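*Asks:* next one to model:
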Amino acid sequence: MYYLVLATDAPDSADKREEIGPIHRAYLRHPGNHRVKVHLGGPTLTMQHAQTNGTLLIVEADEMGAVSEFVADDPFAQAGVFQSVEIRPWAWTLGQPDSVTETTY
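*Replies:* From the prediction side, this is the model:
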């Protein structure tokens, strides 16, 4: 099943985001023992496109609990970059690439 992860950054967390960004991205690519696959992701932006203000991920996992654990162990979450995180089940219907039809962890 697919899930949408929408995280909002805490106020004044831009420096932490920049410092930890490479570790966060490496974690998304190689989540260790977490049975979650990140298919898409990137920072959300302010309305003026001037700076980042959060993160959007599309992930695949067997259950929402696995996604919650994965997000809790994200270096951004651990460092307090995220003020809040919302996880929703998501039906990937439009633009689904062929490579996503197989479940790979």
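*Asks:* please make it C-alpha for all contacts and neighbour counts, starting now.
*Replies:* Noted.
*Asks:* what helix or strand is Gly32 on?
*Replies:* Using DSSP states H and E, no element contains Gly32; it sits outside every helix and strand.
*Asks:* for the protein, which segments count as helices?
*Replies:* Counting by DSSP state H, residue ranges of the helices within the chain are 14-29, 64-72, 75-78.
*Asks:* okay, now the unreliable bits of this structure?
*Replies:* For the chain, residues meeting the criterion pLDDT under 70 lie at 97-105.
*Asks:* the same query, at a cut-off of 80, please.
*Replies:* In the predicted model, the chain carries pLDDT under 80 at residues 49-50, 96-105.
*Asks:* sorry, back to before: out of the helices of the chain, flag the one nearest Leu4.
*Replies:* Shortest separation from Leu4 across the helices of the chain is recorded for helix 64-72, at 9.6 Å, computed as Cα to Cα.
*Asks:* and the contacts of the closest one?
*Replies:* Among residues not part of helix 64-72, those counted as contacts by Cα atoms under 8 Å, 6 or more residues apart in numbering are 3, 31, 34-36, 59, 61, 77-78, 87, 89.
*Asks:* what bridges to the closest residue in space to Gln51 that isn't next to it in sequence?
*Replies:* Beyond its immediate neighbours in the sequence, the residue positioned closest to Gln51 (Cα to Cα, 6 or more residues apart in numbering) is Leu45, lying 5.7 Å away. With DSSP bridges as the criterion, the beta-bridge partners of Leu45 are Thr52.
*Asks:* for Leu45, grab the count of nearby residues.
*Replies:* Residue neighbour count, defined by other Cα atoms under 10 Å, stands at 13 for Leu45.
*Asks:* quick revisit: just flag the most distant two among the contacts of helix 64-72.
*Replies:* Distance extremes for the contacts of helix 64-72: the farthest pair is Gln78 and Pro89 at 23.2 Å, using Cα to Cα.
*Asks:* more neighbours: the two, which one.
*Replies:* Counting neighbours by other Cα under 10 Å for Gln78 and for Pro89 shows that Pro89 has the greater number, 15 against 11.
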